[in-house]
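Peer 1: Take a look and give me a structure for this.
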Amino acid sequence: MTHAIRIHQHGGPEVLSWDEVPTPTPRPGEALVSHRAVGLNYIDVYFRTGLYKLPSLPATIGMEGAGIVEAIGEGVTEVAIGDRVAYASGPVGAYAETRTIKADRLVKLPDGISFEQGAAMMLQGMTAQYLLRRTFRVQAGQTILVHAAAGGVGLILVQWAKALGCTVIGTVSTQAKADLALAHGADHIVLNSEDLPTRVKDITGGAMLPVVYDSIGKDSWDASLSSLAPLGMMVSYGNASGPVPPFDIGILASKGSLYLTRPTLATYTAKREDMVASAADLFAAVASGAVKIRVNQTWPLKEAAAAHRALEARQTTGSTLLIP
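Peer 2: Numbers count the residues shown, from 1 in each chain. Model (predicted):
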């Protein structure tokens, strides 16, 4: 037997239950991974509350983990027993001491990357990778906006964009988070209480921005659109404040023929070759020192409810781990 955090109904953090469950056996094409660390991400909240749909209940949530391959099923060639691996993709199931997962969703951790780093950076780091290098390929000299700049994805975006030669404006909710984002390379900070388009206009001398990376959703939607230059791109990749309500697409025309995309990591890494390339780019950025992964909070896996409460209260910065 093993243990996992499961939800038996949708709701608040209190629905997260520490359950004893059978140790799974890998089927053909699968590997059994014994977790050493599990990543906490806001998408976990969406699954817990029901905003994102689960196939059935009870269910184990979680999208990201790192550990050791303990067993493999028939036909597995991507990994071997004893390999140090990490992943950041569906299906959900990471909040567990052990789990099975399709072997083609695993990547081998380089020797210089710890389990803790692997679990802390795969989902957030590969998200930053596709946002900066594929969704909108930033160029040196551009000024960009990163919402939630002191969060897990935000801190990686700030560092990586700076390494690519960008000027980075970050938004945060507190002065402490402002200090953290500035320490990681942000050039300008806008507090959530300030008028964002006005500040952006002042910072850019009226030019406004070619791209906004927005993980906040409902609360930042209007201000983000109003901060873009004509032909700018609105990248809405999260809903921390709630989903963006329906809107008239004519607003994109009136604000300057704007582009809008709602990307997901699952789409950008659906093909194994894309996932491996994204992870390799991330590992290289970390190995070079351009991106430093900050694990600022850890909780025992069995205390996942406390971690969720802190995450939703915006009390976390950088990456957060759950330790089995």
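Peer 1: Which pLDDT value belongs to the nearest residue to residue 72 once chain neighbours are set aside?
Peer 2: For residue 72, ignoring the flanking residues on the chain, the nearest one in space by C-beta to C-beta, 6 or more residues apart in numbering is residue 31 at 5.0 Å. All C-beta atoms are positioned from the backbone trio N, CA, C, and that covers glycine. What the model reports for residue 31 is a pLDDT of 98.
Peer 1: what's the distance between residue 31 and residue 109?
Peer 2: As judged by C-beta to C-beta, to the nearest Å, residue 31 and residue 109 stand 14 Å apart.
Peer 1: Just want to know which of those two has more residues nearby.
Peer 2: residue 31 (26 against 22; other C-beta atoms under 10 Å).
Peer 1: and the residue nearest the centre of the chain, what does it touch?
Peer 2: The chain has residue 124 as the residue nearest its centroid, 3.2 Å off, counting by C-alpha atoms, centre = their mean. Contact partners of residue 124, counting by C-beta atoms under 8 Å, 6 or more residues apart in numbering, are 39, 41, 152, 153, 156, 319.
Peer 1: The second one: neighbour count?
Peer 2: This means residue 41. Number of residues near residue 41 (other C-beta under 10 Å) recorded here: 27.
Peer 1: Count residues in the vicinity of the residue nearest to it when sequence neighbours are not counted, would you?
Peer 2: Nearest residue to residue 41, sequence neighbours excluded (C-beta to C-beta, 6+ apart): residue 123, at 5.3 Å. Neighbourhood size, residue 123 [other C-beta under 10 Å]: 29.
Peer 1: So which of the contacts of residue 124 sit within helices?
Peer 2: Among the contacts of residue 124, the members falling in helices (DSSP state H) are 152, 153, 156.
Peer 1: Closest one to residue 89 out of the residues you listed, please.
Peer 2: Among the ones in helices among the contacts of residue 124, residue 153 lies closest to residue 89 (C-beta to C-beta), at 15.6 Å.
Peer 1: From what I see, that closest one and residue 216 are in contact.
Peer 2: No: assessed by C-beta atoms under 8 Å, residue 153 is found out of contact with residue 216, at 11.5 Å.
Peer 1: neighbouring strands for the longest strand along the chain, and are they parallel or not?
Peer 2: Counting by DSSP state E, the longest strand found in the chain is strand 30-40. Sheet pairing for strand 30-40, assigned by DSSP bridges, gives strand 64-72 (antiparallel), strand 98-102 (antiparallel), strand 319-323 (antiparallel).
Peer 1: So which of those is nearest residue 276?
Peer 2: Ranking the strands paired with strand 30-40 by their distance to residue 276 (criterion: C-beta to C-beta) puts strand 98-102 first, at 13.8 Å.
Peer 1: just checking, next helix/strand downstream of that closest one?
Peer 2: Heading C-terminal from strand 98-102, the first helix or strand you meet, by DSSP states H and E, is strand 107-108.
Peer 1: Return the distance of that next one from the chain's centre.
Peer 2: Centroid separation for strand 107-108 versus its chain: 18 Å, with C-alpha atoms, centre = their mean, to the nearest Å.
Peer 1: Tell me what angle the helix or strand that it is followed by forms with strand 30-40.
Peer 2: Reading on from strand 107-108 to the C-terminus, the next helix or strand found by DSSP H and E is helix 115-130. Relative orientation of helix 115-130 and strand 30-40, computed by axes from the mean of the first three to the mean of the last three C-alpha atoms, to 10 degrees: 80 degrees.
Peer 1: what pairs with the helix or strand just after helix 115-130, and is each one parallel or antiparallel?
Peer 2: Using DSSP H and E, the helix or strand that directly follows helix 115-130 along the chain is strand 143-146. Using DSSP bridges, the strands paired with strand 143-146 are strand 167-172 (parallel), strand 209-214 (parallel).
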